[in-house]
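Chemist: sharing a sequence plus its predicted fold:
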Amino acid sequence: MPTLKRRRVAGNTAGRAGSDADADAATSVEDDEHVGLSCCRCRRHLAIDEDHVVLGPCSCTICPSCLLRDHARRGANQLTCAGCGETITSHRMICPARKDSQDDDDQEESVEYAPCDNTSSTVDTPSLHDVAKMHLISKNGLGVALVRSAGNEGEIVLLLGLRLTKTGQQDIRESFITKEMSFIPDPSSGTLPADTSDALCEFCAWLHPQVVAPSVTPQAMVPTQTPREFFQHSLDNYTPMLALLFGLSTGNSRRDLRKIAGRDYQSHQSVYLAIAVAHDVLLRCSTGYPLHFQYVLHELLESQQVSNQFRDVLSAMRLSLGRIHQIREGATLASPGPWFKHQLN
């Protein structure tokens, strides 16, 4: 009959006291059967020569793989024991089967945990920049694709959008979008990939509700203005659409109001006026009524003798009022003639 050797092995003995608990902590035999030692996470029985970790201060035992998994999932929170729920402040790694073990003495390594305060302002949370970088390099490998591109130069753009919408007292609906666009021209044609334009269009369509709706003036609040009043209105009402067009057309992130409104910088005024006109023309595609600029141009046309064909062209371009719209003074415009319908067909 093989000789039994009894020694103390740290196990899931939290809450047990006295010599009986110490004596029953673990029992080993030469055939590697082990009694009383198991992982508090996966409940797997551990062999006597198997590496294991003793958690502190609760003295529960956990296998290294489960400990690593718990550390990976805890985020910025303090680690807690899966067996007893106590907060862990240290652990002891025990490796009985290390080659440098002598006379069955376990080789141990103790680690004290640093305090973890997940309510502190010093805890770093991933920024959108970090998320984009991780998505770019780790997930899709776009950085590698850029390096391996046929040309020596090029750019790959990643657009990320997150929309949180509160639908009730506690309900929040989220919408997330990511679009990758390659601005590396095709070596043979010199043009950009077709899916680049499609991706940009899809991202802008995702932004449509947040950009267009807040930028539209209600129909009852659209006044008849002079060109100067229209220009001042665009300065005073910097809508999301106007900001988007200004950034895209000028490449500037801020308006220089001193130059735009100044008398000595006519080029700046002309650029901003063109952006304001584009603002109302593009929004006219989403509204069922004319906006500020359409009324400004209509009033100018009323003071000139222009043909109906010219009016129809401007109406088709959303630049002026169509003949089906009623003038505020009460006059009703005629329906479009055959020439206008022919031009659109």
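Modeler: On my side now, so go ahead.
Chemist: okay, now the domains of this protein?
Modeler: Segmentation of the chain into domains, based on automatic domain parsing, reads 19-112, 128-211, 216-344.
Chemist: okay if I get the ones you listed as JSON lines plus mean pLDDT and mean neighbour count?
Modeler: Using the backbone N, CA and C atoms, a C-beta is placed for each residue, glycine as well. Listed next are the domains of the chain as JSON lines, based on pLDDT from 0 to 100; neighbours: other C-beta atoms under 10 Å:
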{"stretch": "domain 19-112", "mean pLDDT": "74", "mean neighbour count": "15"}
{"stretch": "domain 128-211", "mean pLDDT": "75", "mean neighbour count": "12"}
{"stretch": "domain 216-344", "mean pLDDT": "83", "mean neighbour count": "15"}
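Chemist: give me the next element, helix or strand, following the host helix or strand of I94.
Modeler: In this structure, I94 sits in strand 90-95 according to DSSP states H and E. Following strand 90-95 in sequence order, the next helix or strand is strand 107-112 (DSSP H and E).
Chemist: can you give me the strands for this protein?
Modeler: 27-28, 34-35, 52-56, 61-62, 90-95, 107-112, 156-166, 172-182 (DSSP state E).
Chemist: quick check: closest non-adjacent residue to K166.
Modeler: Excluding its sequence neighbours, the residue lying closest to K166 (C-beta to C-beta, 6 or more residues apart in numbering) is I172, at 5.5 Å.
Chemist: okay but the one you found is in contact with L164, surely?
Modeler: Yes - counting by C-beta atoms under 8 Å, I172 sits close enough to L164 to count as a contact (5.6 Å).
Chemist: wouldn't L37 be in contact with R43 here?
Modeler: No - the criterion here is C-beta under 8 Å, and L37 misses it with R43 at 11.6 Å.
Chemist: quick one: the helices in the protein?
Modeler: For the chain, applying DSSP state H gives helices covering 19-23, 64-73, 128-134, 142-147, 194-212, 227-236, 240-250, 257-260, 266-283, 292-302, 308-316, 338-344.
Chemist: can you list these in a markdown table and add distance to A220?
Modeler: Formatted as a markdown table, the helices of the chain follow (distance: least, C-beta to C-beta, whole Å):
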| stretch | distance to A220 |
| --- | --- |
| helix 19-23 | 82 |
| helix 64-73 | 56 |
| helix 128-134 | 39 |
| helix 142-147 | 48 |
| helix 194-212 | 19 |
| helix 227-236 | 16 |
| helix 240-250 | 20 |
| helix 257-260 | 29 |
| helix 266-283 | 16 |
| helix 292-302 | 13 |
| helix 308-316 | 22 |
| helix 338-344 | 28 |
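Chemist: quick one, which of the ones you listed is nearest to M93?
Modeler: helix 64-73 (7.4 Å; C-beta to C-beta).
Chemist: got the contact list for the closest one?
Modeler: C39, R41, C42, D51, H52, V53, I62, L79, A82, H91, M93 (C-beta atoms under 8 Å, 6 or more residues apart in numbering).
Chemist: so of the residues you listed, which two are at opposite extremes in space?
Modeler: Spanning the widest gap among these are D51 and L79, at 18.6 Å by C-beta to C-beta.
Chemist: now do E50 against V111, distance only.
Modeler: 19 Å (C-beta to C-beta, to the nearest Å).
Chemist: typo on my end, S59
Modeler: Taken as C-beta to C-beta, the span from S59 to V111 is 15 Å.
Chemist: now do the strand holding I94: which elements does it pack against?
Modeler: Where contact means 3 or more C-beta pairs under 8 Å, 6 or more residues apart in numbering; DSSP states H and E, strand 90-95 is packed against strand 52-56, strand 107-112.
Chemist: dump the ones you listed into TSV; add distance to C201 as well.
Modeler: Output for these, formatted as TSV (distance: least, C-beta to C-beta, whole Å):
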stretch	distance to C201
strand 52-56	54
strand 107-112	53
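Chemist: to F230, which of those strands lies closest?
Modeler: The minimum distance between F230 and the helices and strands packed on strand 90-95 falls on strand 107-112, with 69.9 Å, by C-beta to C-beta.
Chemist: need the contact list for the residue nearest to A276 when sequence neighbours are not counted.
Modeler: In this structure, A276 finds its nearest non-sequential neighbour in S234, 3.6 Å apart by C-beta to C-beta, 6+ apart. Going by C-beta under 8 Å, 6+ apart, S234 touches L242, Y272, L273, I275, A276, H279.
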